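Engineer: Model the following, please.
(chains A and B)
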Amino acid sequence: MPVYALNPGYQGERMDRVENFHGNQIVYLGWDEHRMFCAAKAFPLPPSMPFAALIENIMPEAFGQHPEFKQINWDTAEWLLDGEPFKPQADVSLADQGVGHKSLIRFKTPELTGYQNAGV
Amino acid sequence: MAAKKLNIKDKYRLLTRDLDWDFSYEDRQQAFPYEEFEGIKITDWSKWEDPFRLTMDSYWKYQAEKEKKLYAIFDAFSQNNGHLNVTDPRYVNALKIFLTGISPLEYQAYQGFAHVGRQFGGVGARVACQMQSLDELRHVQTQIHAMSHYNKFFDGFQEYSHMHDRVWYLSVPRSFFCDARSAGPFEFMIAIGFSFEYVLTNLVFVPFMSGAAYNGDMATVTFGFSAQSDEARHMTLGLEVIKFLLEQHEDNVPIVQKWIDKWFWRGCRLLSVIAMMMDYMLPNKVMSWKEAWEVYFEEAGGALFKDLARYGIRMPKYAETIEKEKEHISHQAWWTFYTHGHVAGFHTWIPTDEELDWLSAQYPDTFDKYYRPLWELAKEMEAKGERFYNSGLPQLCQICQIPMLFTEMDNPNQNSMRDYLYQGERYHFCSDGCCDIFKEEPEKYVQAWLPVHQIFQGNCGGPDVGDILKDYYKMNVGHDNMDMKGSPDEARWNKWKGVA
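Structural biologist: Here you go, the predicted structure:
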């Protein structure tokens, strides 16, 4: 049952449809095992943004406060897109490589284990 | 001839059960339209046992006496500048969360009980819910009055009601109650009457009121005591509701179990904030969150569920996950608020060295391994003049609306994240517990008003965060938010106490 409601066939208003974001789509970015950032972060991004621009412009805004940020080697980072292994293509737009509205992009940096090697 | 005085039994009958009537020419189902759609089967309302034998006239008399005493103490507190007796001005920030996050829930409880107090077909249940509704209204009033004294001397109290409906972290308690109130009347009673009032309320009130006592806050202790006899009645009602539903029809059992699973999980998520208040915000600690959980849930709740087993009710789903999380959630929640102290309506701080050691002692298996390093990093950054305020906005859980800050219990370094596609759109959850709730009723939760998404949609003013805080949240930026260190609250306190 999609809902228990007084009126049969009740449908809820979808509050976060992509049309509501003025041409952007929401993309979540999370750096695995780096708890300095309590949670993944949300960004409204144009679907046409190439992945290279996300790395260059959005990643520093999201995670640049971390003492290990400058040591990240983006070539060896391991990626998950919506839970599936993912190989980002730098010149291809987010939309054209399957990054949709409310997609979650997670990355692991195996050589960086966090502040005091504690996953921080 | 003088009117004969009624004896208590007759008075009780006339003023409660006798207020009901049969429907001879109107359709009973139309009079109580909410009674059937949840699938609950009531075969005989007369089997309802009134949990407290109180009539309205004695209710007024009894509450008025309590009120007189309560307000006499508030007056004395105010005339004696009672706020100067709290242990440390950091404590007052716990009250700011209470007033903005919890007191408005009392008001929502008032609204919810007034609604079900109209909609139940049985008169006994209606009368009991109406009285609880009045209690809840009284609680919100006494809490506002108790805290109005603090509002004269500290920042962050002034817009509690406006803030409750808008501020990102206050959407957590707000949406919890909106979920319960928009459910049917029986689910509301299991959600609030049973799961919250009976199973979890001790974890809010006992530690919080003891915390107030330990920290010299007589105003809060007094309203706590004044509410306590009401709370005892509410617990009795919660227990009566569940027993009544389970005894009425065996088909009710799986429905009630589903609601217990849901509301236990939602309640635990909501209590993260209480966990953090106990472990981090009380300068004089009562007990750790972990210990409170063990005493008030694992022992007391365990006995309750043993008792309910004869009806076919088992422990709430994911209780074993929650048992592990007691070692983690207070630390994760305070770190989240500390790192978002620029956008919170109260002050945050790094625990003192003594407090860090207390946390290590209370949480020997987790604190030094996972959480002390966070505070060492925070100290290092603060010493460099770079007090850490997290940039950007966090991803939120679609159900509890908490930032996705909880971690996997088999790898506490990794945030726990779940997602689910519904009609082509992706939804995110902090846990299996929250994901299950969505899957059960997606059409309800696609409507969630998630503060982060609302900001990006342009519905909260802005575009700068500062403008949103100032104009949309009505925070007094630079006074209400940021670190305790250097705050106007701290400066005033030091002046009152003659500290340089």
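Engineer: Whichever residue of chain B sits closest to chain A and B:K69, how far apart?
Structural biologist: Residue of chain B nearest chain A, by Cβ to the nearest Cβ: B:N413 (3.2 Å). Every C-beta, even on glycine, is put in place using the N, C-alpha and C of the backbone. Distance, B:N413 to B:K69, using Cβ to Cβ, to the nearest Å: 51 Å.
Engineer: higher neighbour count, these two?
Structural biologist: Each of B:N413 and B:K69 had its neighbours counted (other Cβ atoms under 10 Å in any protein chain shown), and the higher figure belongs to B:N413 (17 against 12).
Engineer: Name the SS class of that one, please.
Structural biologist: Look at B:N413: counting by DSSP: H, G, I helix; E, B strand; the rest coil, its state is strand.
Engineer: so which helix or strand takes in the closest residue to it other than its chain neighbours?
Structural biologist: Excluding the flanking residues, the one nearest B:N413 by Cβ to Cβ, 6 or more residues apart in numbering or on different chains is A:G119, at 3.2 Å. Here A:G119, judged by DSSP states H and E, is contained in no helix and no strand.
Engineer: which ones are touching A:G119?
Structural biologist: Neighbouring residues of A:G119 by Cβ atoms under 8 Å, 6 or more residues apart in numbering or on different chains: A:E33, A:H34, A:R35, A:T113, B:Y370, B:N413, B:Q414.
Engineer: So what does it look like in phi/psi?
Structural biologist: Main-chain torsions, A:G119, degrees, to the nearest 10: phi 70, psi 20.
Engineer: cool, and B:Y427?
Structural biologist: phi -130, psi 150.
Engineer: And for A:A77?
Structural biologist: Residue torsions, per degrees, to the nearest 10, at A:A77 are phi -60, psi 150.
Engineer: May I ask you to confirm that it is in contact with A:T109?
Structural biologist: Yes - between A:A77 and A:T109 there is a contact at 5.6 Å, judged by Cβ atoms under 8 Å.
Engineer: Give me the more crowded residue out of those two.
Structural biologist: Counted by other Cβ under 10 Å, A:A77 and A:T109 do not tie: A:T109 has more neighbours, with 20 against 17.
Engineer: how about the spatially closest residue to B:M277 that is not a sequence neighbour, secondary structure?
Structural biologist: Spatial nearest neighbour of B:M277, excluding adjacent residues (Cβ to Cβ, 6+ apart): B:A94 at 4.8 Å. Following three-state DSSP, B:A94 is assigned to helix.
Engineer: B:A94 - how many residues pack around it?
Structural biologist: 25.
Engineer: That one reaches B:G211, doesn't it?
Structural biologist: Yes - counting by Cβ under 8 Å, B:G211 is a contact partner of B:A94 at 7.1 Å.
Engineer: what do those two both touch?
Structural biologist: B:M277, B:L282.
Engineer: Please enumerate the strands of chain A.
Structural biologist: Secondary structure of chain A by DSSP state E: the strands cover A:25-31, A:41-45, A:78-81, A:84-86, A:103-108.
Engineer: Dump the ones you listed to CSV, plus mean neighbour count and mean pLDDT.
Structural biologist: Formatted as CSV, the strands of chain A follow (neighbours: other Cβ atoms under 10 Å in any protein chain shown; pLDDT from 0 to 100):
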stretch, mean neighbour count, mean pLDDT
strand A:25-31, 23, 98
strand A:41-45, 22, 98
strand A:78-81, 16, 98
strand A:84-86, 11, 98
strand A:103-108, 20, 98
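Engineer: who wins for proximity to B:I144 among these?
Structural biologist: strand A:41-45 (34.1 Å; Cβ to Cβ).
Engineer: quick check: angle from the closest one to strand A:103-108?
Structural biologist: Strand A:41-45 runs at 130 degrees relative to strand A:103-108, counting by axes from the mean of the first three to the mean of the last three Cα atoms, to 10 degrees.
Engineer: In chain A, what residue comes closest to chain B?
Structural biologist: For chain A, Cβ to the nearest Cβ, closest residue to chain B: A:G119, 3.2 Å.
Engineer: In this structure B:K474 contacts B:S161, no?
Structural biologist: No - counting by Cβ under 8 Å, B:S161 is not a contact partner of B:K474; they are 10.1 Å apart.
Engineer: Phi and psi next, for the closest residue to A:G30 other than its chain neighbours.
Structural biologist: By the measure of Cβ to Cβ, 6+ apart, the closest residue to A:G30 outside its immediate chain neighbours is A:A40, 3.3 Å from it. The phi and psi torsions at A:A40 (degrees, to the nearest 10) take the values phi -60, psi 160.
Engineer: pLDDT score for A:A40?
Structural biologist: Note for A:A40: predicted pLDDT of 98.
Engineer: which SS class is B:C400?
Structural biologist: Per three-state DSSP, the secondary structure class of B:C400 is coil.
Engineer: could you measure it against B:Y169, distance?
Structural biologist: For B:C400, the distance to B:Y169 equals 11 Å [Cβ to Cβ].
Engineer: Now the phi/psi pair for residue 88, please.
Structural biologist: Looking at chain A here, since you left the chain open. Dihedral angles (degrees, to the nearest 10) for A:P88: phi -70, psi 140.
Engineer: Please refer instead to chain B.
Structural biologist: Per degrees, to the nearest 10, the backbone of B:D88 is at phi -170, psi 140.
Engineer: I'd say it and B:P283 touch.
Structural biologist: Yes - B:D88 is within contact range of B:P283, at 3.9 Å (criterion: Cβ under 8 Å).
Engineer: Among these two, which residue is more densely surrounded?
Structural biologist: Between B:D88 and B:P283, B:P283 has the larger neighbour count (other Cβ under 10 Å), namely 17 against 13.
Engineer: Mind checking what secondary structure the more buried one has?
Structural biologist: Quick answer, by three-state DSSP: B:P283 is coil.
Engineer: related to what we said a few turns ago, any chance of the contacts of A:G119 in JSON lines with pLDDT and distance to B:L245 as columns?
Structural biologist: Formatted as JSON lines, the contacts of A:G119 follow (pLDDT from 0 to 100; distance: Cβ to Cβ, whole Å):
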{"residue": "A:E33", "pLDDT": "97", "distance to B:L245": "45"}
{"residue": "A:H34", "pLDDT": "98", "distance to B:L245": "47"}
{"residue": "A:R35", "pLDDT": "98", "distance to B:L245": "42"}
{"residue": "A:T113", "pLDDT": "96", "distance to B:L245": "52"}
{"residue": "B:Y370", "pLDDT": "98", "distance to B:L245": "41"}
{"residue": "B:N413", "pLDDT": "97", "distance to B:L245": "42"}
{"residue": "B:Q414", "pLDDT": "98", "distance to B:L245": "40"}
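Engineer: Right, I'll call it a day here.
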